[in-house]
Each structure stands twice: as structure tokens, then as C-alpha cells.
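Participant: here is the input, now give the coordinates:
(one chain, ligands or ions: 1)
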Amino acid sequence: MTYYPDLSPYAYDQSPRDMLNVGWLSAEHRYSKGLVDERVVNALKVLCVTYENQMRGIHHCEFCDAGRPFVFGGPVGDTKVLLGSAEIRITGADGICYAAPNLVLHYILEHQYCPPEEFCQAAVRAVGLEATDELTLVE
Ligand SMILES: [Zn+2]
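Facilitator: Purely as a prediction, here's the structure:
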């Protein structure tokens, strides 16, 4: 999968909006690890199911070496979402838009990835919650 540093300008495809990258991890680059609040995980689960920005092909997790996409059973019925097949785009309170592969959920759950605090705040806000406390604890 293409690697982009967190909060670098998004350039995966042509988009009229200015967006920042989050969660485009690669096995060849270090990434920030830590604890992520359950509210963020739950918000991303919802966003994974409701957002459909299909990417070209399926990206596999480089840390698992699984050679197959991970399937996430959504919160609604038996909705199955292929992690690595789509992007999540979230706009934060300050109007900044973040673009993340939906694999970000897998990275958080399985690889202790800790996304930028502002992205986590935006995710929680996108599902209608308002967090007044910190949602991440970087190791
Ligand atoms: Zn993995």
C-alpha cells in the first residue's frame, strides 16, 4: 500500500478538496503507537460501513502478511465491509478533512496504531458525539 505520513496533504486521487492523510501505514515506516479510546473505534466502525469511497483494488495489511483482505462485520445486520477496499473521509470541527483507508480500523485494533488526536476527534464528531477529553494516548 502506498505510504503517506500522517497529516501530509492528500494526493491519492484528484480531489477538489484539500485533505490530510491519516493511517496510510507501511511496514517500511515507523508509525505512532498508543491507546485509542473505544469511542473512536466505535465511530470508525460506523464510518467504515457508511462511507463508500471505493479505492482501486484491495490493499492488504502489510503487518499481517495475510494475503487476503480483512472482513469487518458492520454494526447493521450482516453488512460486510472489506477493510482495505475503501476510504473514510471525515471533516473535523475546524473544517479540515481527513482521508484514511478503512484499514485504519484494523491498524488500531490489531497493531496499536494511534492516529492523530484531531482525526480521532473528527471521527467521534462525525457520528454525532462530542468529546471534550483526549481520545488518544501516544506511547
Ligand atoms: Zn494487520
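Participant: got a list of what residue 63 touches?
Facilitator: Contact analysis of residue 63 by Cβ atoms under 8 Å, 6 or more residues apart in numbering lists 25, 27, 107, 110, 111. Backbone N, C-alpha and C define where each C-beta goes, glycine included.
Participant: check which helix or strand the nearest residue to the second one once chain neighbours are set aside maps to.
Facilitator: Yep, that's residue 27 we're talking about. Counting by Cβ to Cβ, 6 or more residues apart in numbering, residue 62 is the residue found nearest to residue 27 once chain neighbours are left out, at 3.9 Å. Using DSSP states H and E, residue 62 maps to neither a helix nor a strand.
Participant: surely residue 62 is in contact with residue 26?
Facilitator: Yes. Judged on Cβ atoms under 8 Å, residue 62 makes contact with residue 26 at a distance of 5.9 Å.
Participant: from residue 90, how far off is the residue nearest to residue 27?
Facilitator: To residue 90, residue 62 is 23 Å away according to Cβ to Cβ, to the nearest Å.
Participant: so for these two, which residue has more residues nearby?
Facilitator: Counted by other Cβ atoms under 10 Å, residue 62 and residue 90 do not tie: residue 90 has more neighbours, with 24 against 16.
Participant: pretty sure the more buried one sits in a strand.
Facilitator: Yes. Per DSSP: H, G, I helix; E, B strand; the rest coil, residue 90 lies within a strand segment.
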